[in-house]
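Asks: The following comprises the amino acid sequence and a computationally predicted model.
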Amino acid sequence: MVCSYDERVIGLLRSAWSAPSAVPPPPRRVWRDWVLVAVLAVLALVEGSLRTDLPQPLPVVLSLLVVLPTVLWRRTRPLLMLLIVLVVMVPIDLLLPDSNLYTGLFVTVMIYALFRWGSGRDLMIASGILLAILALFFVSGGSLDDLIGGFALLLSVALLGVAVRYRAESGQRHLDRIRMLEREHLARDLHDTVAHHISAIAIRAQAGLAVGARDPRAAQDALDVIEKEAATTLSELRSMVRVLRQGETAELAPSPQLRDIEQ
């Protein structure tokens, strides 16, 4: 039983590790990202110049300005960008514990982006690093309240990212199912209507070739049927293509039934 439980745990960990990135793929950069960087930079400068309780505001503000561009790549490279932010800002927080900027809370944006867009491997690596940093701050003199508050904030941001991710992936799966159903419907239409008319054209052409030499009238009748079937097939194909290209509504007509076999 213990062995079976361990195998299940290992299987879950392997599945989580090999989980792909979020779908649909993230957008690269939009104008809002540049606005966010500009706003954070202005806020950091204003906060650093106005706050009188910061013993050394210059290195704190400079470190924040250095890592702000990582916001631009937070979706496409979430783990790498978060690591850059942590490598720069964590030593500053440890060496200057009383020089934290409120603007530094933009790290939560990076954490959210990681859990929203990152792969399973990224999530597991980042979770271990973030928990280790929380423990490091606690060991270096932090209070239990700070530890609990930091963990609660981290957990809230992570859950928000996972929730938005799940909703987006659920919507994508719904769209994929709709596309699959539309393909099946299109395949049925092609088989039930277009293929039927093409089969009729082929049969009439063979009949016309067989009797054309001795009965020109029969060949003429076959050509008339072929012309009508070809026109009908072309009309139905155009209707399908129009719907696929422009999302227009196809001309509605009843599907062929048993009483149409004679025609």
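Replies: Structure received. Numbering: from 1, shown residues only.
Asks: how many other residues sit next to residue 26?
Replies: Residue 26: 16 surrounding residues under other Cβ atoms under 10 Å. (Each C-beta comes from the backbone N, C-alpha and C, glycine too.)
Asks: Quick one: the helices in the stretch 101-250 of the chain, in order.
Replies: For the stretch 101-250 of the chain, the helices defined by DSSP state H, counting those that start in this stretch occupy 107-117, 120-139, 144-189, 195-211, 216-246.
Asks: quick one: the third one to helix 216-246, angle?
Replies: Taking axes from the mean of the first three to the mean of the last three Cα atoms, to 10 degrees, helix 144-189 and helix 216-246 form an angle of 170 degrees between their directions.
Asks: Helix 144-189 versus helix 195-211: what angle between them?
Replies: In terms of direction (the same axes, to 10 degrees), helix 144-189 departs from helix 195-211 by 30 degrees.
Asks: Can you name every helix or strand that helix 144-189 contacts?
Replies: If contacts are counted by 3 or more Cβ pairs under 8 Å, 6 or more residues apart in numbering; DSSP states H and E, helix 144-189 sits against helix 107-117, helix 120-139, helix 216-246.
Asks: can you redo those as JSON lines with distance to residue 164, mean neighbour count and mean pLDDT?
Replies: Listed next are the helices and strands packed on helix 144-189 as JSON lines, based on distance: least, Cβ to Cβ, whole Å; neighbours: other Cβ atoms under 10 Å; pLDDT from 0 to 100:
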{"stretch": "helix 107-117", "distance to residue 164": "6", "mean neighbour count": "22", "mean pLDDT": "93"}
{"stretch": "helix 120-139", "distance to residue 164": "14", "mean neighbour count": "16", "mean pLDDT": "90"}
{"stretch": "helix 216-246", "distance to residue 164": "31", "mean neighbour count": "14", "mean pLDDT": "72"}
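Asks: is it possible to export these to JSON lines including distance to residue 168?
Replies: Output for the helices and strands packed on helix 144-189, formatted as JSON lines (distance: least, Cβ to Cβ, whole Å):
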{"stretch": "helix 107-117", "distance to residue 168": "8"}
{"stretch": "helix 120-139", "distance to residue 168": "16"}
{"stretch": "helix 216-246", "distance to residue 168": "25"}
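Asks: right, and those - which one's nearest residue 53?
Replies: For residue 53, the closest of the helices and strands packed on helix 144-189 is helix 120-139, at 19.5 Å, according to Cβ to Cβ.
Asks: can you list contacts of the closest one?
Replies: With contacts defined as Cβ atoms under 8 Å, 6 or more residues apart in numbering, helix 120-139 is touched by 13, 15-21, 78-79, 82-83, 86, 90, 93-94, 111, 114-115, 118, 144, 146-147, 150-151, 154, 158.
Asks: Show me the shaky parts of this structure.
Replies: Low-confidence segments of the chain (pLDDT under 70): 1-5, 187, 189-194, 212-213, 240-263.
Asks: hmm, try it at 90
Replies: 1-31, 48-60, 90-105, 120, 134, 136-147, 149-150, 165-263 (pLDDT under 90).
Asks: Sort out which of the contacts of helix 120-139 are buried, if you could.
Replies: The neighbour count (16 or more other Cβ atoms under 10 Å) marks 21, 78-79, 82-83, 86, 93, 111, 114-115, 118, 150, 154, 158 as buried among the contacts of helix 120-139.
Asks: Kindly indicate which of those residues lies nearest residue 202.
Replies: The closest of the buried ones among the contacts of helix 120-139 to residue 202 turns out to be residue 21 (Cβ to Cβ; 49.0 Å).
Asks: Report how many residues lie close to the closest residue to residue 233 other than its chain neighbours.
Replies: In space, and not counting its chain neighbours, residue 233 is closest to residue 197: 4.2 Å by Cβ to Cβ, 6 or more residues apart in numbering. Burial of residue 197 is recorded as 21 neighbouring residues (other Cβ under 10 Å).
Asks: what does the one 3 residues further on give?
Replies: Neighbour count of residue 200, defined by other Cβ under 10 Å: 18.
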